[in-house]
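Visitor: generate a structure from the sequence data that follows.
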Amino acid sequence: MSPYFERLGFLAPDWKDLVEIAIVAVLFYRILLLLRGTRAIQILLGFLFLLVVDGVSRLLGLTLIEFILERFFSFGVFGVLVVFQPELRSALAHLGQNRLLRVFSRLEEKEIAEEIAEAAEELSRNKVGAIVAIEREVGLGEFIDTGTPLQARVSAPLLQNIFTPYSLLHDGAAIIRGDEIVAAGAILPLTQFPVTDKSLGTRHRAALGLSEETDALVVVVSEETGQISIAHRGKLQRNLDGQHLSDILSGRTPLALVG
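Guide: You can find the predicted model right below:
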């Protein structure tokens, strides 16, 4: 082999290199999926643009621009941590999950899904506002702590009672873990992103906010319209009836989310 080809020996990867390349490619792909449709992807493109400018400035010897960008990148990592805080929380929360829309594992029992759907349908009929968060893989402990603890099996009458107008727990969220309502009156985070649809109120914003940070399914009943919606991964599916909601919660029907 000539010296020329010996110097290019690193271009002949062994099986370890191929494994590493495959892992990195999958990792980047998953990161891009998480960032898709969020403000983070726009900020990421901005950083890529600055990297190109930095490379050009180094090639052309533009020392002032090179100096400014060097300082910017030195401290930029802290800014990224602050700006991307919601996305980082979401990414870490979803790390290790197998599928985007995993079957509704903790509420496999058809009975629980039907109880939630029955309650939502009745609340919708009477135009009583409600928000119910269903814990999945990511724990909702920090949000449960903000509400009133309960240890009661999920039932349609109990959910309707919780959201009775003017009751103490009416304004907060009920949180379900497994087959139990573990908290009521819980405070959920509002979405970090602009909401252009003016018909979406505080409950919808809270449902989107929690679904951005966790993998919870969040059912919302609008007090103004009685419309039933479900939020997941920062997106909403609206105009559900009781049967459709039950099918989604039990995994019989996939979500059709809209950003």
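
Visitor: residue ranges with poor pLDDT in the stretch 51-200 of the chain?
Guide: 77, 80, 83-109 (pLDDT under 70).

Visitor: which residues of it fall in helices?
Guide: All helices of the stretch 51-200 of the chain, identified by DSSP state H, counting those that start in this stretch, fall at 63-83, 85-94, 110-125, 141-144, 156-162.

Visitor: between those helices, which one is closest to Asp197.
Guide: Nearest of those to Asp197, taken as Cβ to Cβ: helix 110-125 at 18.6 Å. Just so you know, the C-beta spots here come from the backbone N, C-alpha and C atoms, and that holds for glycine as well.

Visitor: so Ala152 versus Ser222, what's the distance?
Guide: Noted for Ala152: a distance of 25 Å to Ser222, by Cβ to Cβ, to the nearest Å.

Visitor: likewise Leu59?
Guide: According to Cβ to Cβ, Leu59 and Ser222 sit 57 Å apart.

Visitor: and for Gly129?
Guide: 7 Å.

Visitor: name the residues contacting each of those two.
Guide: Here Gly129 and Ser222 have 201, 203 as joint contacts, going by Cβ atoms under 8 Å, 6 or more residues apart in numbering.

Visitor: show me where the stretch 101-250 of the chain has its strands.
Guide: In the stretch 101-250 of the chain, the strands defined using DSSP state E, counting those that start in this stretch lie at 130-134, 148-153, 173-177, 180-186, 217-221, 228-232, 235-240.

Visitor: ok, Val53 touching Glu66?
Guide: No - at 9.6 Å, Val53 does not count as touching Glu66 under the criterion of Cβ atoms under 8 Å.

Visitor: report the contact partners of Ala231.
Guide: Ala231 sits next to 204, 207-208, 210-211, 217-218, 220, 237 when contact means Cβ under 8 Å, 6+ apart.

Visitor: who has more neighbours, Leu59 and Ser222?
Guide: The neighbour comparison of Leu59 against Ser222 (other Cβ atoms under 10 Å) goes to Ser222, with 21 against 8.

Visitor: pLDDT at that one, what is it?
Guide: Note for Ser222: predicted pLDDT of 93.

Visitor: geometric centre of the protein: which residue is closest?
Guide: Central residue of the chain (Cα atoms, centre = their mean): Glu212, 2.7 Å from the mean position.

Visitor: that residue contacts Thr191, doesn't it?
Guide: Yes - between Glu212 and Thr191 there is a contact under Cβ under 8 Å: 6.2 Å.

Visitor: now for those two: what residues contact both?
Guide: Contacts common to Glu212 and Thr191, judged by Cβ under 8 Å, 6+ apart, are Gly234.

Visitor: and the residue lying closest to Arg136 once chain neighbours are set aside, how far from Leu150?
Guide: Spatial nearest neighbour of Arg136, excluding adjacent residues (Cβ to Cβ, 6 or more residues apart in numbering): Asp215 at 4.8 Å. Counting by Cβ to Cβ, the gap from Asp215 to Leu150 is 22 Å.

Visitor: same check, this time on Leu140
Guide: Counting by Cβ to Cβ, the gap from Leu140 to Leu150 is 13 Å.

Visitor: these two: who's more crowded?
Guide: With neighbours defined as other Cβ under 10 Å, Leu140 and Leu150 compare such that Leu140 has more, 23 against 18.

Visitor: excluding chain neighbours, what is closest to that one?
Guide: Using Cβ to Cβ, 6+ apart and skipping residues adjacent in sequence, the residue nearest Leu140 is Ile175, 5.6 Å away.
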